[in-house]
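Q: All I have is the shape, not the residue letters:
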Ligand SMILES: NC(=O)C1=CN([C@@H]2O[C@H](COP(=O)(O)OP(=O)(O)OC[C@H]3O[C@@H](n4cnc5c(N)ncnc54)[C@H](O)[C@@H]3O)[C@@H](O)[C@H]2O)[C@@H](O)CC1
Ligand SMILES: [K+]
C-alpha cells in the first residue's frame with residue numbers, strides 16, 4: 001500500500017521522521033540511495049551519468065553514485081548549482097575523499113552514450129520556474145539519445161499540481177521516494193514520469209494520508225454458505241428512459257454479478273419489456289407510463305420501504321421527474337447511491353445530501369462541478385483542494401470522483417485508484433461501476449468499503465488481454481466472476 005501525498009505532506013513526513021523520531025536525514029538519504037542504486041543495478045547498466053543539483057535530490061544522486069561505483073558500475077557524476085545543502089556537501093566530500101571525480105563541464109560529457117541518465121537535479125524541493133543554466137541542461141537531457149531515470153520527481157514537474165514549471169525532464173522511469181506524489185499522477189505528471197515506481201525509504205507515516213487502492217485495502221463482503229438471498233441485500237435500481245435502456249441494463253447486470261441478494265429495477269413502462277428480455281434475474285417495478293413523469297416520485301415513495309439499498313440515475317435523462325425522484329430517494333432513510341443523471345438532479349439541491357443514511361455519489365468531473373459549484377477547470381487542475389472543500393461540507397457522503405485517477409473520499413478517509421486504462425474510456429463504464437458498488441453496498445451496508453472495493457474490482461475487470469479500443473462494457477461485466485474469485489482466494 002502506498003501513500004499519495006502533496007509536496008508539503010511528503011516534506012512534513014520527512015521532517016517529522018527526522019525531528020520527532022530522530023532518524024537522521026543522512027540515514028534517510030542513504031536509504032533512498034541504496035534503494036535507487038539497487039533498482040538501477042538490476043538493469044545491468046554499462047555506463048551511467050548521474051546529474052546532480054544543489055539540494056538533497058542532488059545529495060541522493062551523489063550517494064547513489066558512490067554505491068554504484070562500489071558495485072563496479074561505471075558512473076560519471078555531473079554536478080551543477082550554488083548554495084549546496086549541508087547533506088549534499090557531505091556527499092560531495094565523501095566522493096572527493098574516495099577520489100571519484102565530480103564533473104562540472106557539460107560539454108565534456110554531452111556526446112557520450114549512457115545506459116541511463118539519472119536525473120537528480122530537483123526533487124520535492126522545486127519551488128520556482130526553471131531558468132538557465134538549468135533550463136538548457138534539462139533541454140539537453142531531453143534531447144540526449146540516452147533514456148532517463150528520474151529520482152523522486154522528473155526535475156521541473158511540480159510535485160503537487162503536476163504542472164511543468166517552465167521545462168521538465170521527460171523520464172522513462174521515475175523512482176518516487178517514500179510515497180507517490182500527486183504531481184506524478186495528475187495533469188502532465190503521467191506523461192513525464194514514464195513507468196512510476198515507489199520505493200520505501202524508512203520514512204514514518206503516523207498520520208492518515210490518501211492511500212493508493214490496491215488489494216490490501218479492499219473488502220469483499222463475506223458470503224456464508226448458510227446464508228439466504230435476504231442476507232445479501234435487496235436492491236432497487238431506479239433508472240432508464242425510452243431513449244436510454246442500456247445504462248440501467250449494464251448497471252443491473254454488474255450489480256447482480258457483484259453478489260446482491262435480490263435486484264428490482266424501477267423502470268418506465270416503455271422499456272420494461274426490453275429489460276425483461278435482457279435480464280431474467282432482475283425483478284421489475286414498472287411505472288405504468290411510457291416515461292417517468294411528475295407522479296413517478298409518489299410511485300417510488302409507495303414502494304421504497306421494501307428495499308435495503310437504492311441506486312438512482314442511470315439513463316433517466318435530465319428531466320424534472322429525475323429531480324423529483326432523486327429528492328424522494330434522498331429524503332428516505334435508505335442507503336442511496338446517486339449516479340449519472342441523478343447527479344445532474346442535485347445541481348440546484350446539493351443540500352439533499354445532508355442526510356442520516358449512508359450516501360454514495362459517483363460523479364465524473366463535470367457532474368462533480370454540478371454538485372460542488374466549482375468550475376470543471378478548477379476541479380481538473382486542483383483535485384485535492386476541490387475534494388477537501390467537498391468533504392468538509394459533506395463529511396458523511398462517500399464521494400467517488402471518477403477520472404483516469406479516481407478518488408474515493410469520505411471525510412478524511414481518502415483513497416486513490418491510479419490504474420489508467422483507455423478500455424474504460426467508454427459509455428457504459430460508469431454504469432457498470434454504479435452496479436458493482438450498489439451490489440457491494442447492498443451486501444455490506446458500508447459505503448466507504450463498497451466504494452473502495454468497487455472501483456478496484458471495476459479497474460481489475462478492465463485489464464483484458466485485448467486492444468483497449470475493442471473492449472465492450474459487456475466484456476468488463478463478464479470479468480466480474482473471475483476477479484471476484486481471484487480476490488476471494490487472496491483475501
Ligand atoms: N530528509 C529528507 O527530506 C530527504 C530528502 N530526500 C531527497 O531530497 C529531495 C528534496 O530535497 P530538497 O528539499 O533539498 O530539494 P531539491 O533537492 O528538490 O531542490 C532544492 C534546491 O533547489 C533549489 N531550487 C528549487 N527550485 C529551483 C529552480 N526552479 N531553479 C533553481 N533552483 C531551484 C532550492 O533553492 C534548493 O537549493 C527529495 O526530492 C529527495 O530526493 C531523500 O534524500 C530522502 C530524505
Ligand atoms: K529529480
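A: Nice, thanks for sending it over. Worth saying up front: this structure is predicted, and the values here are computed from it rather than measured. Ligands and ions are numbered 1, 2, ... in the order given.
Q: Enumerate the residues of the stretch 51-200 of the chain near ligand 2.
A: On the criterion CB under 5 Å from the ion, ligand 2 has as its neighbours in the stretch 51-200 of the chain the residues 119, 123, 150-151, 155. Where C-beta positions appear, they are placed from N, C-alpha and C, glycine not excepted.
Q: can you check the stretch 201-350 of the chain too?
A: So the stretch 201-350 of the chain never meets ligand 2 (CB under 5 Å from the ion).
Q: Go through stretch 34-54 and flag the buried ones.
A: 35-37, 39-40, 45, 48-54 (16 or more other CB atoms under 10 Å).
Q: tell me the mean pLDDT for stretch 426-434?
A: Stretch 426-434 comes out with an average pLDDT of 93.
Q: How about residues contacting that stretch?
A: Stretch 426-434 has contacts (CB atoms under 8 Å, 6 or more residues apart in numbering) with 246-248, 250-251, 254-255, 311, 313-315, 337, 339-340, 362, 364, 400, 402, 454-455, 458, 461-462, 471, 473, 476-477.
Q: what does the helix or strand hosting residue 248 contact?
A: Residue 248 is part of helix 246-257 when elements are defined by DSSP states H and E. Residues outside helix 246-257 that contact it (CB under 8 Å, 6+ apart) are 235, 237, 239-240, 263, 265, 267, 271, 274-275, 278-279, 281-282, 311, 314-315, 339-340, 428, 431-436, 438-439, 442, 473-474, 477, 480-481.
Q: Looking at the residues you listed, which are in strands?
A: 235, 237, 263, 265, 267, 311 (DSSP state E).
Q: Kindly indicate which of those lies nearest ligand 1.
A: Minimum distance to ligand 1 across the ones in strands among the contacts of helix 246-257 is 43.4 Å, recorded for residue 311 (CB to the nearest ligand atom).
Q: Count residues in the vicinity of the closest one, would you?
A: For residue 311, the count of nearby residues is 34 (other CB atoms under 10 Å).
Q: Wait, it touches residue 438, no?
A: Yes - at 4.3 Å, residue 311 and residue 438 qualify as touching, with contact defined as CB atoms under 8 Å.
Q: what sits in contact with each of those two?
A: 235, 237, 251, 255, 337.
Q: Which members of those additionally contact ligand 1?
A: Applying CB under 6 Å from any ligand atom to those, one finds that nothing falls near ligand 1.
Q: Distance to residue 112 added to these, as CSV?
A: Putting the shared contacts of residue 311 and residue 438 into CSV (distance: CB to CB, whole Å) gives the following:
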residue, distance to residue 112
235, 64
237, 63
251, 57
255, 59
337, 58
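Q: Run through the neighbouring helices and strands of the lowest-mean-pLDDT helix or strand in the chain.
A: Within the chain, no helix or strand scores below helix 376-381, which has a mean of 87 by mean pLDDT, DSSP states H and E. In terms of contacts (3 or more CB pairs under 8 Å, 6 or more residues apart in numbering; DSSP states H and E), helix 376-381 is packed against helix 365-372.
Q: mind running it again at 10 Å?
A: Where contact means 3 or more CB pairs under 10 Å, 6 or more residues apart in numbering; DSSP states H and E, helix 376-381 is packed against helix 365-372, helix 383-393.
Q: returning to that earlier point: show me how to select, in PyMOL, the buried members of the contacts of helix 246-257.
A: Buried residues within the contacts of helix 246-257, by 16+ other CB under 10 Å, are selected in PyMOL with:
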select buried, resi 235+237+239+240+263+265+267+271+274+275+278+279+282+311+314+315+339+340+428+431+432+433+434+435+436+438+439+442+473+477+480
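Q: mind listing which of the contacts of helix 246-257 are in helices?
A: 271, 274-275, 278, 431-436, 438-439, 442, 473-474, 477, 480-481 (DSSP state H).
Q: and ligand 1, which of those reach it?
A: Within these, nothing lies near ligand 1 by CB under 6 Å from any ligand atom.
Q: interface residues of the stretch 51-200 of the chain facing ligand 1?
A: 53-60, 83, 85, 122-130, 134, 151-152, 177.
Q: Which one of the residues in the stretch 151-300 of the chain is closest to ligand 2?
A: Of all residues in the stretch 151-300 of the chain, residue 155 sits closest to ligand 2, at 4.4 Å by CB to the ion.
Q: residue ranges with poor pLDDT in the protein?
A: 1 (pLDDT under 70).
Q: ok, now with 50
A: For the chain, applying pLDDT under 50 flags no range at all.
Q: domains of it?
A: Per automatic domain parsing, the structural domains of the chain span 3-208, 215-490.
Q: wait, doesn't residue 70 sit right on residue 98?
A: Yes - counting by CB atoms under 10 Å, residue 70 touches residue 98, with 8.8 Å between them.
Q: For ligand 1, see how far away residue 293 is.
A: 59 Å (CB to the nearest ligand atom, to the nearest Å).
Q: Repeat that for residue 361.
A: 36 Å.
Q: wait, what's in contact with that residue?
A: 313, 336-339, 342-343, 346, 350, 353, 367-368, 371, 390, 394, 397-401, 451 (CB atoms under 10 Å, 6 or more residues apart in numbering).
Q: just checking, residue 488 is part of a helix?
A: Yes - checked against DSSP: H, G, I helix; E, B strand; the rest coil, residue 488 lies within a helix.
Q: Which residue is the nearest non-sequential neighbour of it?
A: Among residues not flanking residue 488 along the chain, residue 220 sits closest, at 5.8 Å (CB to CB, 6 or more residues apart in numbering).
Q: what about the one you found, which SS state?
A: coil.
Q: Now for it, how many residues are close by?
A: Going by other CB under 10 Å, the residues that sit close to residue 220 add up to 18.
Q: Likewise for residue 293?
A: Per other CB under 10 Å, the neighbour tally for residue 293 reads 15.
Q: I figured it hits residue 300, correct?
A: No - in this structure residue 293 lies outside contact range of residue 300 using CB under 10 Å: 12.0 Å.
Q: Overlap of the contact sets of these two?
A: The contact lists of residue 293 and residue 300 share 287, 321, 324, where a contact means CB under 10 Å, 6+ apart.
Q: Output the contacting helices and strands for the one helix or strand the last one maps to.
A: Applying DSSP H and E as the criterion places residue 324 in helix 320-331. Other helices and strands packing on helix 320-331, by 3+ CB pairs under 10 Å, 6+ apart, are strand 234-238, helix 296-303, strand 309-312, strand 336-338, helix 341-344.
Q: Let's see that with 6 Å instead.
A: Taking 3 or more CB pairs under 6 Å, 6 or more residues apart in numbering; DSSP states H and E as contact, the helices and strands that helix 320-331 lies on are helix 296-303, strand 309-312.
Q: tell me the angle that helix makes with strand 262-268.
A: 150 degrees (axes from the mean of the first three to the mean of the last three CA atoms, to 10 degrees).
Q: starting at the chain centroid, how far to helix 320-331?
A: The gap between where helix 320-331 is centred and where its chain is centred comes out at 30 Å by CA atoms, centre = their mean, to the nearest Å.
Q: Next, the buried residues of that helix.
A: For helix 320-331, using 16+ other CB under 10 Å, the buried residues are 321-330.
Q: before we move on, what about stretch 182-193?
A: 182-190, 192-193.
Q: what sits up against it?
A: Outside stretch 182-193, the residues that touch it by CB atoms under 6 Å, 6 or more residues apart in numbering are 6, 154, 157-164, 168, 170-171, 174, 196, 405, 418.
Q: go with 7 Å
A: Outside stretch 182-193, the residues that touch it by CB atoms under 7 Å, 6 or more residues apart in numbering are 4-6, 153-154, 157-164, 168-171, 174, 176, 196, 383-384, 405, 418, 420.
Q: Quick one: buried ones out of those residues?
A: Buried among these by 16+ other CB under 10 Å: 4-6, 153-154, 157-162, 164, 168-171, 174, 176, 196, 383-384, 405, 418.
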